[in-house]
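>>> Build me a model from this:
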Amino acid sequence: MVEKLYEGKAKILYPTNDAEILLTYFKDDATAFNAQKRGQIQGKGEINCAISAALFEWLETLGISTHYVDRPAPNQMRVRAVKIIPIEVVVRNIAAGSLCKQTGLPEGKILPFPLVEFYLKNDELGDPLLTSDRLTILALATPEQIEQIKFVTLKINQHLSEFFDRCDITLVDFKLEFGLDSQQRLLLADEISPDTCRLWDKAESDINARVMDKDRFRRDLGEIESAYQRVQQRVLEQIARKGEW
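Next up, the predicted model:
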């Protein structure tokens, strides 16, 4: 059996015969609050892999460079090997979650512009928010790379917001990760799924019924699997109809 290179909370990375290509296995494991809460969501691995693969492929057609190569199995994705920049990039379109807790903004308030925030990717430290000066001092990326990350992130937000709108889903906020390949090219990495996005069903006005993402697990709302399945169905249906846009 091939020895794994890395195991995270939601995925396992394995080497392949090509040093430039890795195999990602998507797990059904679910965590929240920096892994203080743990559980499993049946079928989550396959669902998140399918959604991520479809969105990566679509973003590539729009000029967004990603680490995605192909999907050899329902819960497996081949990706380009990258050195992950230890920064979590969060984009917020609507106030929710930690932004409301930390600022007092009411949940659901539409922000005047997309808020891009950088967090240190470090569970032991609680993934703290990074100011521009902290980014400079920590030297996690060059100033030029930070500017490129923000520029690409805003483009991705525009594309994804419009895409999910066609799915009758509101993209409230989401997290991205980036990495550098062997040629030092900046690539979108990790995943785009209900694990990393806050998604609200536009047809639902109830604040609990509208939730279609990992908040159902965080807040013990139940019906987690069906919510993920609905996101997958709508995403894949939209991808299939993209020629009609």
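>>> Show me how the record splits this protein into domains.
Domain ranges of the chain: 6-80, 83-222, per automatic domain parsing.
>>> ends of the first one, how far apart?
Same thing as domain 6-80. Start-to-end span of domain 6-80 (CA to CA, to the nearest Å) is 15 Å.
>>> repeat for the longest one
End-to-end distance for domain 83-222, by CA to CA: 36 Å.
>>> just to revisit the earlier point, format the domains of the chain as CSV; extra columns: mean pLDDT, distance to A240 and mean neighbour count.
Any C-beta I mention is one placed from the backbone N, CA and C, and that applies to glycine too. CSV is the format used below for these (pLDDT from 0 to 100; distance: least, CB to CB, whole Å; neighbours: other CB atoms under 10 Å):
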stretch, mean pLDDT, distance to A240, mean neighbour count
domain 6-80, 94, 9, 17
domain 83-222, 97, 12, 16
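>>> Just send the ones you listed back as a markdown table, with distance to Q233 too.
A markdown table is the format used below for these (distance: least, CB to CB, whole Å):
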| stretch | distance to Q233 |
| --- | --- |
| domain 6-80 | 10 |
| domain 83-222 | 9 |
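>>> now the helices for this structure?
Along the chain, the stretches classed as helices by DSSP state H are 44-61, 98-103, 132-138, 143-166, 215-218, 224-240.
>>> Dump these into JSON lines; add distance to G126 as well.
Below are the helices of the chain laid out as JSON lines (distance: least, CB to CB, whole Å):
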{"stretch": "helix 44-61", "distance to G126": "24"}
{"stretch": "helix 98-103", "distance to G126": "11"}
{"stretch": "helix 132-138", "distance to G126": "14"}
{"stretch": "helix 143-166", "distance to G126": "21"}
{"stretch": "helix 215-218", "distance to G126": "16"}
{"stretch": "helix 224-240", "distance to G126": "24"}
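>>> Looking at these, which is nearest to S193?
Between S193 and the helices of the chain, the shortest separation by CB to CB is 3.8 Å, and it involves helix 44-61.
>>> helices or strands next to that closest one in the packing?
strand 21-26, strand 68-73, strand 76-80, helix 143-166, helix 224-240 (3 or more CB pairs under 8 Å, 6 or more residues apart in numbering; DSSP states H and E).
>>> Please tabulate the ones you listed in a markdown table, including the columns distance to K44.
A markdown table is the format used below for the helices and strands packed on helix 44-61 (distance: least, CB to CB, whole Å):
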| stretch | distance to K44 |
| --- | --- |
| strand 21-26 | 8 |
| strand 68-73 | 15 |
| strand 76-80 | 14 |
| helix 143-166 | 19 |
| helix 224-240 | 6 |
